[in-house]
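> Need coordinates for the below:
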Amino acid sequence: SALPFPRHSYTMAEEEFASADAGASDTYPIRAGEVKKGGFVVIKGFPCKVIDYSTSKTGKHGHAKAKIVALDIFTQRKYEDICPTSHNMIAPNVKREEWSIIDINDEGFASLMNEAGDTREDLKIPPVEVKDDDDRYEAYQLIVEKFRSGEEVSVTVMSAMGTDMILTTSK
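Sure thing, here's the model as predicted:
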């Protein structure tokens, strides 16, 4: 008799892809052989920026393999992946937008306004993603101090796969 569920165990990437109807524009497919240093790719479910990419030919009948080293674009955590260059991977759509800081409340949420006059108040400065990284935390503290001293401060908000975060620098 037929089972009421598919006999297939999903990998994290497939699961995200299967439920991608709602956020289909969050990611797009990319062949491992087309990934470039400086580009973006999803590794272990995290949107990452590629910092190192190399390929190696294996034996006579083997397939070329790609070794990808990348940093999570939000946490800067390092991830690695090795797969055949013909293998399909997922790349995140990464968006950057400039915002001006209008206010920072007592809980650390920034009130932001973009050039179109839209506002948002849902992002923390410093973001929770950097609480364990002293250098990055300090860089955010400097932004807060600049703003509190009366300077006009604008920041870049990076968005990928449903996460938005204020960046310390406009890279």
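
> Can you mark which positions in stretch 53-61 are buried?
residue 53 (16 or more other CB atoms under 10 Å). Using the backbone N, CA and C atoms, a C-beta is placed for each residue, glycine as well.

> now swap in stretch 144-160 and tell me
Buried residues in stretch 144-160 (16+ other CB under 10 Å): 144, 147, 153, 155, 157, 158, 159, 160.

> What's the mean pLDDT across that stretch?
The pLDDT scores in stretch 144-160 average 95.

> rewinding a little: filter the buried residues of stretch 144-160 down to just the ones in helices.
Among the buried residues of stretch 144-160, the members found in helices (DSSP state H) are 144, 147.

> Out of the buried residues of stretch 144-160, which comes closest to residue 69?
For the buried residues of stretch 144-160, the closest approach to residue 69 (CB to CB) belongs to residue 160, at 18.4 Å.

> Low-confidence stretches in the chain?
1-24, 59, 169-171 (pLDDT under 70).

> show me where it has helices.
All helices of the chain, identified by DSSP H, fall at 12-18, 134-148.

> ok, back up a step: of the buried residues of stretch 144-160, which is the nearest to residue 68?
Closest approach between the buried residues of stretch 144-160 and residue 68, by CB to CB: residue 160, at 16.8 Å.
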